[in-house]
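# Pasting the sequence and the predicted model now:
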Amino acid sequence: MDHSYFSGKKILLTGATGDLGSSLAKNLTSLKAELVLTARSGSKLEALVNSLPDGAKITVVPADLARRNEVETLADQAIARIGHIDILINNAGLGYFALLEEADEEKIRHLFEVNTFAPLTLISRLTPHMAKRGGGRIINIVSSAGRVPIPTVGVYGGSKSALAVMTNTMRLELEPKNIDILNIYPGTVNDSFERNALRENERLGLCPTADCGESEASTAEKILTAATGEAGEVWLERTGKWMALAAIAWPNMVDNKLKHLRDKAITISDSEKPKKLRRWRLLQVESSLACNLKCIMCPWVDERKNLQQRGHMEQSTWETLVPYLPEVRSVDFTGGGEPLLQRRLFDWIDQAKNNGCDVGFLTNGLLFNKEVAKKVLNAGVNWIGFSVDGADKETYDFIRQGSDFEIICRNIRYLTESRVDSQPLTMINFVIMQSNYHQLEKIVHLAHELGVNQVNFKQCDVIRGEHGKQYGLFGSQETKKIKQLKKALDKANRIARKLGVKTTSFSFVPEEQSVCDQDPRDSIFIRFDGSVSPCINLAIGGPSSFLGKDIIFPHVSYGNVSDQDLLTLWESERCRLYRGRFSQRVKTHDAALARADFGHDIIKLKEAFQEAIKAMPVPPEGCKTCHYLYDI
């Protein structure tokens with residue numbers, strides 16, 4: 001990029017508060033441009049300005065691009081407030097996912113107002129002004145969907161195609177006035193576009209390429225680099241350009257290539273629809289760190305000393321999260337304690353369910369009586385886990401001190417015998433230790449007798465100080481003992497399959513993953529006191545152990561919801577570092593495997609996986625010495 005090109009330029013940027021728009025704004029301010037930023041929401045514009053460097057030359061003009069009078073006022077205000085406009089960037093765009101037969105005429109007209117007529121109005125309003133000053137530049141963010149028949153995006157593609165065709169003609173007409181027009185095709189972008197799109201029947205956007213969604217930051221840089229070049233059309237994605245050309249030369253071939261998307265659009269199941277559109281896959285809310293048991297392997301013993309609020313999340317903390325529930329697919333009310341000690345738990349569950357979230361929690365089960373079982377069923381809880389680390393009274397009561405095996409079994413039956421259609425999903429978490437590994441088969445049989453759907457075999461993999469230490473049965477290398485444990489676990493899994501009980505398990509030796517199951521790319525952990533972290537393990541630092549070696553585990557916090565709203569913390573530098581690093585790791589890992597030539601050779605396949613692991617960037621702070629990342 002020519003870093004001097006934008007310096008001192010006065011630029012009007014539409015759609016400034018979307019993910020791509022805000023990335024463009026941040027890049028342009030760093031390049032010393034003077035900006036007029038516009039979007040429909042004044043509060044979001046204000047938040048964007050506050051995130052930009054002090055001293056940046058920024059003017060905001062809120063405008064609804066669906067209203068012609070506001071578009072005209074926007075152009076006039078931009079000139080009036082900063083003197084002139086050198087560059088117009090028509091970045092704003094609204095998606096609409098619908099089969100054409102179900103598309104609503106009013107929505108079609110609305111879409112064309114935003115995507116086609118608003119940019120044309122701004123161009124017609126600003127070009128006379130640019131011509132008087134001796135020239136200017138217009139940059140339109142268009143789409144290959146206007147050239148390729150992608151199912152469910154025909155209306156959107158049509159609106160962008162109309163803009164591209166008309167402004168290509170304008171380019172020739174305005175060339176004598178020294179006004180350049182560039183139509184930039186960015187390809188698919190992993191940003192807020194799909195979340196904000198209009199849709200019929202909760203349809204998802206369908207991507208025609210295998211790699212669907214480059215980061216908005218990377219795309220913004222590429223757009224601005226292209227924007228300094230010659231007038232004309234610029235394609236940032238080779239696949240999109242190839243398909244656009246092929247749609248003209250070999251239309252039948254392109255149709256055949258896209259038929260699988262058509263079939264998916266027609267047959268998509270209800271379970272795939274709305275929740276995939278949400279920002280967060282998981283919000284893990286520590287409803288309580290307090291606990292009514294004293295389990296021998298619990299790592300959080302010291303954390304419970306001198307607790308504020310007795311270790312319970314306060315209502316005011318929960319209320320900071322409520323506005324974001326419509327953007328959350330699933331809420332897990334489990335942290336380091338017992339959720340049923342939180343007296344507001346079922347009120348919060350109701351709020352999450354009313355906002356379309358899946359909900360669940362892990363309990364030790366001692367407080368899970370008939371009344372609680374009724375509440376779980378009435379609330380529509382999607383899943384519930386019971387921590388049961390022994391398959392008989394002697395073993396269980398020794399490990400989970402303060403509880404009672406017979407009471408727990410009775411309480412689980414209260415739920416499983418009252419369920420309809422096996423809802424909620426009911427699970428047992430079984431932490432394998434020296435004192436109970438001989439009961440792997442027995443816990444499977446117990447789960448079957450209790451009507452439990454699934455057994456999750458776990459390791460004692462979280463350690464703080466001496467708490468939890470020496471209980472894990474994993475190691476840095478496979479030993480004779482580990483081989484015996486693997487055989488025993490494999491046998492328990494086989495028995496479970498015969499009984500119709502699902503199981504999940506782990507590795508006894510480290511196998512580095514590109515990202516752990518917590519996956520900070522689309523999940524977040526909120527402690528009982530409102531502090532926000534990538535996961536529970538990083539939320540509480542201190543002395544620990546990694547593969548038998550003593551370490552100091554870091555405390556990683558994005559901030560606290562009592563000080564800043566959740567979305568601001570999500571967009572914080574530290575959070576973006578964790579999200580970005582794991583995105584890089586996944587992308588690098590998958591790309592390395594895609595390049596590998598291993599045919600049907602198992603040895604070469606293993607070598608390819610090792611090379612893919614080596615190719616990944618290092619994990620962020622804490623994760624490199626976390627058992628979670630190694631599937632333990």
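Arrived safely, thanks for sending. Numbers count the residues shown, from 1 in each chain.
# what's the neighbour count on the residue nearest to residue 76 when sequence neighbours are not counted?
The shortest distance from residue 76 to any non-neighbouring residue, by Cβ to Cβ, 6 or more residues apart in numbering, is to residue 125 (7.2 Å). The way it works is simple: take the backbone N, C-alpha and C, and place the C-beta from them, glycine included. Neighbourhood size, residue 125 [other Cβ atoms under 10 Å]: 19.
# how about the helix or strand containing residue 125: buried residues?
Residue 125 belongs to helix 118-132 when assigned by DSSP states H and E. Residues of helix 118-132 classed as buried: 118-123, 125-127, 130 (neighbour count, 16 or more other Cβ atoms under 10 Å).
# Flag the shaky bits of the stretch 401-550 of the chain, pLDDT-wise.
In the prediction, the stretch 401-550 of the chain carries no residues with pLDDT under 70.
# where do the helices sit along it?
Ranges of helices within the stretch 401-550 of the chain are 405-416, 440-450, 480-499, 536-539, based on DSSP state H, counting those that start in this stretch.
# which residues are in contact with the second one?
Identification of contacts with helix 440-450 by Cβ atoms under 8 Å, 6 or more residues apart in numbering yields 388, 390-392, 409, 412-413, 416, 428, 430, 432, 454-455, 457, 488-489, 491-492, 495-496, 499-501, 503.
# What angle do helix 405-416 and that helix make with each other?
Interaxial angle of helix 440-450 relative to helix 405-416 (axes from the mean of the first three to the mean of the last three Cα atoms, to 10 degrees): 50 degrees.
# same deal with the third one?
Angle, helix 480-499 to helix 405-416, by the same axes, to 10 degrees: 40 degrees.
# Show me where the stretch 101-250 of the chain has its strands.
Secondary structure of the stretch 101-250 of the chain by DSSP state E, counting those that start in this stretch: the strands cover 136-141, 179-185, 189-190, 198-199, 214-215, 232-235.
# coming back round to it: could you save the buried residues of helix 118-132 as CSV and add columns showing pLDDT and distance to residue 50?
CSV is the format used below for the buried residues of helix 118-132 (pLDDT from 0 to 100; distance: Cβ to Cβ, whole Å):
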residue, pLDDT, distance to residue 50
118, 95, 26
119, 95, 27
120, 96, 32
121, 95, 29
122, 96, 26
123, 96, 30
125, 95, 29
126, 96, 28
127, 96, 33
130, 95, 31
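# Need the max-distance pair from those.
118 and 130 (17.8 Å; Cβ to Cβ).
# quick revisit: out of the buried residues of helix 118-132, which comes closest to residue 289?
Closest approach between these and residue 289, by Cβ to Cβ: residue 118, at 50.8 Å.
# the strands in the stretch 251-400 of the chain, which residues?
For the stretch 251-400 of the chain, the strands defined by DSSP E, counting those that start in this stretch cover 280-285, 294-295, 328-332, 358-363, 383-387, 400-401.
# The last one - contacts with which helices or strands?
Strand 400-401 makes packing contacts with strand 294-295 when contacts are defined by 3 or more Cβ pairs under 8 Å, 6 or more residues apart in numbering; DSSP states H and E.
# what's in contact with the strand it packs on?
Contact with strand 294-295 is made by 301, 364, 387, 389, 399-402, as judged by Cβ under 8 Å, 6+ apart.
# From the residues you listed, keep the buried residues only.
Among the contacts of strand 294-295, those scoring as buried are 364, 387, 389, 399-400 (criterion: 16+ other Cβ under 10 Å).
# Let me know the pLDDT of residue 254.
Listed pLDDT for residue 254 reads 60.
# repeat for the one 4 residues further on
Listed pLDDT for residue 258 reads 68.
# One more: residue 193?
Among the per-residue scores, residue 193 holds a pLDDT of 67.
# now the helix holding residue 125 against strand 136-141, angle please.
Angle between the axes of helix 118-132 and strand 136-141 is 160 degrees (criterion: the same axes, to 10 degrees).
# so how many other residues sit close to the residue lying closest to residue 555 once chain neighbours are set aside?
Distances taken as Cβ to Cβ, 6+ apart put residue 541 closest to residue 555, at 3.1 Å, once the chain neighbours are dropped. Counted by other Cβ under 10 Å, the residues lying close to residue 541 total 16.
# and the gap between residue 541 and residue 334?
Separation of residue 541 from residue 334 (Cβ to Cβ, to the nearest Å) stands at 20 Å.
# How about residue 619?
For residue 619, the distance to residue 334 equals 24 Å [Cβ to Cβ].
# What of residue 343?
If you go by Cβ to Cβ, the gap between residue 343 and residue 334 works out to 16 Å.
# before we move on, back to that, can I get the strands of the stretch 251-400 of the chain in CSV with distance to residue 571?
What follows is these, written out as CSV (distance: least, Cβ to Cβ, whole Å):
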stretch, distance to residue 571
strand 280-285, 13
strand 294-295, 37
strand 328-332, 16
strand 358-363, 25
strand 383-387, 30
strand 400-401, 41
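# Mind checking these for the one nearest to residue 534?
Closest of the strands of the stretch 251-400 of the chain to residue 534 is strand 280-285, at 10.1 Å (criterion: Cβ to Cβ).
# these two touch, right, residue 15 and residue 21?
Yes: Residue 15 lies in contact with residue 21 (Cβ atoms under 8 Å); the separation is 4.3 Å.
# Common neighbours of these two, please.
Contact criterion Cβ under 8 Å, 6+ apart; residues shared by residue 15 and residue 21: 39, 91-92.
# what about the helices in the stretch 51-200 of the chain?
Using DSSP H, counting those that start in this stretch, the helices found in the stretch 51-200 of the chain span residues 68-82, 105-112, 118-132, 154-174, 193-196.
# From the chain's centroid, how far away is the third one?
Taking Cα atoms, centre = their mean, to the nearest Å, the mean C-alpha location of helix 118-132 is offset from the chain mean by 39 Å.
# In space, not sequence, find me the middle residue of this structure.
residue 522 (2.5 Å; Cα atoms, centre = their mean).
# residues contacting the closest residue to that residue other than its chain neighbours?
In space, and not counting its chain neighbours, residue 522 is closest to residue 281: 4.1 Å by Cβ to Cβ, 6+ apart. Neighbouring residues of residue 281 by Cβ under 8 Å, 6+ apart: 329-330, 519, 522-523.
# Let's have these in TSV, adding distance to residue 471.
Formatted as TSV, the contacts of residue 281 follow (distance: Cβ to Cβ, whole Å):
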residue	distance to residue 471
329	33
330	29
519	26
522	31
523	26
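# Hmm, residue 546 and residue 510 touching each other?
No: using Cβ under 8 Å, residue 510 makes no contact with residue 546, being 9.5 Å away.
# what touches both of the two?
What both residue 510 and residue 546 touch, as defined by Cβ under 8 Å, 6+ apart, is the set residue 627.
# Determine the number of other residues adjacent to residue 222.
Counted with other Cβ under 10 Å, residues neighbouring residue 222 total 18.
# hey, which helix is longest across this protein?
Longest helix in the chain, counting residues (DSSP state H): helix 573-595.
# circling back: mind putting the helices of the stretch 401-550 of the chain into CSV with mean neighbour count?
Below are the helices of the stretch 401-550 of the chain laid out as CSV (neighbours: other Cβ atoms under 10 Å):
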stretch, mean neighbour count
helix 405-416, 18
helix 440-450, 21
helix 480-499, 14
helix 536-539, 22
